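1. can't give you the sequence, but here's the structure:
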């Protein structure tokens, strides 16, 4: 449980002083789905799910030095090992220097795989990720995004259902849509869109296989980004008739806080720190006091 003090100081929301959500980008550069810049999204993680004779991959987000967040779908396998890769840009460009094993998987208690509700897990990392300008946690949403807000999703998922894999991390802008509009689309296949999700879409842009578990973020202030969604599911990619569906981060924020707080019990409670949004916590990136 190393890094306990830093965990509750790093996990937070915009304005908490934790330094979360600072992207290495010019946000106005984004115009359509294309290659991301190297280290553009410092919270972006590559999740490796090692099976007996193969492995699968997903996206994930860094929310604190020892914690990652992803889709429950990604770990719904009889796996041998889970690992995350941080600071990665080129597909599968990982080595021991930027790979960390997962030692605990915590599934949301209300997860329902059949109804695709609360499709989220927290991953505790065996060793904390070393933070820098290129590797930082994302801020977490405490309220849902407004309809029509531009969000950005990133991942190494295939370009389309034919299965072409990108050479580098991809990024794409989407618009937040109403769940009512989302439900109208999914009525065609008899699926009920749960309240624990938000929907997003843009013409000819979508997430696809391999993007599951990755973050959907919005810019909440100048170059500070907050994760509002976790890639969950869709129907075809891209498919103009069906919106992409994302687990709502604001609906699980309290749960995240409670899990990390319980894990690091004995440290000063960070719940007060998160909600107080202290402006200066006085700690460096490695968790040592300045």
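-> Okay, I see it. For clarity, every value in this text was computed on a predicted model and none was experimentally measured.
2. mind listing what residue 40 touches?
-> For residue 40, the contacting residues are 23, 24, 25, 154, 169, 171, by CB atoms under 8 Å, 6 or more residues apart in numbering. Heads up, the C-betas are built off the backbone N, CA and C, glycines and all.
3. now those residues as a markdown table including neighbour count, pLDDT and secondary structure?
-> Output for the contacts of residue 40, formatted as a markdown table (neighbours: other CB atoms under 10 Å; pLDDT from 0 to 100; DSSP: H, G, I helix; E, B strand; the rest coil):
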| residue | neighbour count | pLDDT | secondary structure |
| --- | --- | --- | --- |
| 23 | 21 | 81 | coil |
| 24 | 15 | 77 | coil |
| 25 | 19 | 62 | coil |
| 154 | 24 | 87 | strand |
| 169 | 23 | 88 | coil |
| 171 | 21 | 86 | strand |
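4. for these, which one is nearest residue 53?
-> Nearest to residue 53 among those: residue 169, at 27.2 Å, using CB to CB.
5. could the contacts of residue 40 go into a markdown table alongside distance to residue 67?
-> Converted to a markdown table, the contacts of residue 40 look like this (distance: CB to CB, whole Å):
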| residue | distance to residue 67 |
| --- | --- |
| 23 | 19 |
| 24 | 21 |
| 25 | 23 |
| 154 | 19 |
| 169 | 21 |
| 171 | 23 |
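6. Please verify my assumption that residue 103 contacts residue 128.
-> No - with contact defined as CB atoms under 8 Å, residue 103 does not count as touching residue 128 (11.8 Å).
7. Any stretches of this protein with poor pLDDT?
-> Scanning the chain for pLDDT under 70 picks out the ranges 1-19, 25-33, 158-163, 203-210, 234-241, 266-290.
8. that older thread, more neighbours, residue 103 and residue 128?
-> With neighbours defined as other CB atoms under 10 Å, residue 103 and residue 128 compare such that residue 128 has more, 19 against 12.
9. what about the strands in the stretch 151-290 of the chain?
-> 170-177, 197-201, 215-221, 224-233, 244-248 (DSSP state E, counting those that start in this stretch).
10. closest to residue 76 out of those?
-> strand 224-233 (12.5 Å).
11. Tell me which other helices or strands the helix ranked longest in the chain touches.
-> The longest helix of the chain (DSSP state H) is helix 253-263. Other helices and strands packing on helix 253-263, by 3 or more CB pairs under 8 Å, 6 or more residues apart in numbering; DSSP states H and E, are helix 4-10, strand 121-125, helix 271-276.
12. Report the inter-axis angle for that helix versus strand 121-125.
-> Using axes from the mean of the first three to the mean of the last three CA atoms, to 10 degrees, the direction of helix 253-263 lies 30 degrees away from that of strand 121-125.
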